[in-house]
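Engineer: got a sequence here, can you build the structure:
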Amino acid sequence: MKYFQTYTYRKITFILMILVSIISFGLFFGFYQSALDYLEEEKNYIGEKFNNENSQIYAQLPIFRVIWVLFSLLVAIIIVISIISTVNYLKQTNNNLLFLKINIFLVIFAIILISILLSFQPPIAETLLRQERIIKTLNPPDYTTGWIIFVLLLTTGIFGLFSLKNFGYLKNDKKIIL
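Structural biologist: Numbers count the residues shown, from 1 in each chain. From the prediction side, this is the model:
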């Protein structure tokens, strides 16, 4: 395939960024939904005494929403820039170095956002019900999807940094005659 003859790693990076962004968006939606499910479980766990002060995750929901919006915007921008770059490589019109740098910056920013969310993981809560002699347990939401998003974005960011040093040529480049 002639498409990968030059700037191979950059082209692979842009295609990888499109795929990882789409996968990360879907996983982040599941991650956000697990936080909402945990809130419902926490309401049932605490019972009638539930309020904003004794909730582990209720105070974090506005932060989740802001990061959800920012992450969605980042993913959309990364996808658009990557598609434009891929088309530029097909047309042989631009080496897309600026677009690659912008995408790497956006991926790093997305990694920071996911890292902030991963730091909010609530602990396992246990309560001993004395009259029933049962230990009631509230397990935190599954943060595995958050870690998968983190690893995917980290891998993409590292691959993007390596592809910065990938050089090539375009058909439309002017030949320098000495």
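
Engineer: would you map the helices across the protein?
Structural biologist: Using DSSP state H, the helices found in the chain span residues 8-46, 61-91, 97-118, 144-163.

Engineer: how about these in JSON lines, adding mean pLDDT and mean neighbour count?
Structural biologist: Glycine gets a C-beta too; all of them are placed from N, C-alpha and C. Below are the helices of the chain laid out as JSON lines (pLDDT from 0 to 100; neighbours: other CB atoms under 10 Å):
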{"stretch": "helix 8-46", "mean pLDDT": "84", "mean neighbour count": "18"}
{"stretch": "helix 61-91", "mean pLDDT": "89", "mean neighbour count": "16"}
{"stretch": "helix 97-118", "mean pLDDT": "91", "mean neighbour count": "18"}
{"stretch": "helix 144-163", "mean pLDDT": "90", "mean neighbour count": "18"}
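
Engineer: which one is residue 161 nearest to, not counting chain neighbours?
Structural biologist: Closest residue to residue 161 apart from its sequence neighbours, by CB to CB, 6 or more residues apart in numbering: residue 104 at 6.3 Å.

Engineer: and that neighbour, how far is that from residue 150?
Structural biologist: With distances taken as CB to CB, to the nearest Å, residue 104 is found 16 Å from residue 150.

Engineer: and if you look at residue 103?
Structural biologist: Per CB to CB, residue 103 is found 17 Å from residue 150.

Engineer: over to residue 38?
Structural biologist: In terms of CB to CB, residue 38 sits 19 Å off from residue 150.

Engineer: now residue 88
Structural biologist: Residue 88 sits 29 Å away from residue 150, going by CB to CB.

Engineer: with residue 9 instead?
Structural biologist: Distance check for residue 9 against residue 150: by CB to CB, it reads 22 Å.

Engineer: residue 13 too?
Structural biologist: 18 Å.

Engineer: next one: residue 58
Structural biologist: When distance is defined by CB to CB, residue 58 is 24 Å away from residue 150.
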